[in-house]
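Undergrad: Everything below, folded, please.
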Amino acid sequence: MHRLPLIPVFVALGAATAGLLLLSLLLGSADFAPAAVWQALTDPAPTLARDIVLELRLPRALTAFAVGGLLGLAGALLQVLLRNPLADPYVLGVSGGASVFALLALMAGLPAVLVDGAAGLGALLACVLVFALAQGPGGWTPTRLLLTGVVVAAGAGSVVSLLLALSDDTRLRGMVFWLLGDLSRGDRWPWLLTLLGAATMLCVALGRPLNVLARGETLAATVGLDVRGVRSVVFVLSSVLTGCAVSTAGSIGFVGLVTPHLVRLGLGNDQRVVLAGSALLGGFVLMAADLASRVVLAPRQLPVGALTALVGVPIFLALMLRQRS
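TA: Residues are numbered from 1 along each chain as shown. Below you'll find the model as predicted:
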């Protein structure tokens with residue numbers, strides 16, 4: 001299959017992301033001209049445009065990019081770990097575990113830092129549970145892991161429904177909207193972008209071992225790869241990335257499932273390229289979904305997770321049909 005040139009694709013995707021960021025600053029319930037946005041970014045004088053652009057739109061757009069990148073990177077890691085293209089934090093129950101623990105922390109009134117920690121712990125425990133339940137004669141298999149993850153995801157969804165039923169009515173609407181995908185918490189983007197950059201560099205550095213691991217654990221062990229160590233790093237890293245994304249924006253599906261497919265389709269199976277491309281494309285996809293959620297029915301805002309599902313399902317089905325043909 002013909003592969004696209006690597007550097008031009010990344011440059012084009014970076015330029016498209018910058019253009020989408022500009023559109024995110026221009027459009028919304030109140031549209032601004034480019035000159036007004038430029039003045040808001042450069043002139044320290046307080047104006048309505050400056051407040052909206054710097055306090056609302058710019059942090060939200062950067063948060064969307066960071067969360068989308070984290071989800072795309074986590075999805076690519078899980079697909080390598082399980083050697084299954086259907087692996088995804090949402091499908092495997094990792095997002096569900098993070099959502100359960102994050103909701104428990106929110107109901108307990110814990111501060112934001114502890115909510116993040118609870119979400120990461122929930123994601124890690126969900127991963128441990130999936131791998132523990134998937135063990136069978138001869139160890140786990142990718143298919144068994146996938147089926148176990150679907151069951152764990154369903155169980156986590158039931159627990160989330162129970163927690164919502166038991167929650168205070170004054171918090172219920174906000175919790176439901178958060179679960180469907182809410183990017184209004186724009187104060188976290190600096191450390192989220194830092195985490196995304198550090199995790200992407202770490203994953204690229206692990207690209208060669210992951211390329212070997214993707215060919216099977218037996219072959220990886222034969223060539224001397226520390227399979228257990230690499231699996232543990234991928235295991236913990238994907239859980240941390242998912243937990244941070246869920247605690248910030250709720251449970252957003254299909255970003256981590258579709259973006260690695262699109263990158264492999266255009267750029268091949270080198271995990272260094274797939275992981276870096278998934279981070280960049282995941283950020284672009286979620287920024288686009290967030291922009292659409294703000295402008296389609298402005299001034300009303302739609303839950304961004306619902307839009308990613310509406311777009312992700314047909315794209316994923318089209319990819320599956322393409323692979324079959």
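Undergrad: can you give me the helices for the stretch 101-250 of the chain?
TA: 112-134, 142-166, 169-179, 189-205, 207-213, 217-222, 227-249 (DSSP state H, counting those that start in this stretch).
Undergrad: I'd like to know how far the residue nearest the centre of the chain sits from Leu56.
TA: Central residue of the chain (C-alpha atoms, centre = their mean): Leu71, 1.7 Å from the mean position. Using C-beta to C-beta, to the nearest Å, Leu71 is found at 22 Å from Leu56. Just so you know, the C-beta spots here come from the backbone N, C-alpha and C atoms, and that holds for glycine as well.
Undergrad: What is the end-to-end distance of stretch 135-143?
TA: For stretch 135-143, the separation between the terminal residues is 11 Å (C-alpha to C-alpha, to the nearest Å).
Undergrad: cool, and stretch 28-47?
TA: End-to-end distance of stretch 28-47 (C-alpha to C-alpha): 17 Å.
Undergrad: centre of the chain versus it, how much separation?
TA: 30 Å (C-alpha atoms, centre = their mean, to the nearest Å).
Undergrad: Residues contacting that stretch, please?
TA: 22, 25-26, 49-50, 52-54, 57, 294-295, 298-299 (C-beta atoms under 8 Å, 6 or more residues apart in numbering).
Undergrad: picking that back up, of the helices of the stretch 101-250 of the chain, which is nearest Gly256?
TA: Set against Gly256 and scored by C-beta to C-beta, the helices of the stretch 101-250 of the chain come closest in helix 227-249, at 8.1 Å.
Undergrad: re earlier: please identify the most buried of the helices of the stretch 101-250 of the chain.
TA: Most buried of these by mean neighbour count (mean count of other C-beta atoms under 10 Å) is helix 227-249; its value is a mean of 23.
Undergrad: what angle do that one and helix 112-134 make?
TA: Interaxial angle of helix 227-249 relative to helix 112-134 (axes from the mean of the first three to the mean of the last three C-alpha atoms, to 10 degrees): 140 degrees.
Undergrad: Just the CA atoms of helix 227-249, as CSV, please.
TA: Only the C-alpha atoms of helix 227-249 are listed here, as CSV (Å, rounded to 0.1, in the frame of the first residue of the first chain):
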residue,chain,number,x,y,z
VAL,A,227,8.7,-8.1,27.6
ARG,A,228,7.5,-7.8,31.1
GLY,A,229,9.2,-4.4,31.6
VAL,A,230,7.9,-2.9,28.4
ARG,A,231,4.4,-4.2,29.1
SER,A,232,4.5,-2.7,32.5
VAL,A,233,5.6,0.7,31.2
VAL,A,234,2.8,0.7,28.5
PHE,A,235,0.3,-0.6,31.1
VAL,A,236,1.0,2.3,33.6
LEU,A,237,1.5,5.0,31.0
SER,A,238,-1.8,4.3,29.2
SER,A,239,-3.6,4.3,32.5
VAL,A,240,-2.1,7.6,33.6
LEU,A,241,-2.9,9.3,30.3
THR,A,242,-6.5,8.0,30.4
GLY,A,243,-7.0,9.1,34.0
CYS,A,244,-5.8,12.6,33.3
ALA,A,245,-8.0,12.9,30.2
VAL,A,246,-11.1,11.6,31.9
SER,A,247,-10.7,13.7,35.1
THR,A,248,-10.4,16.8,32.9
ALA,A,249,-13.0,16.2,30.2
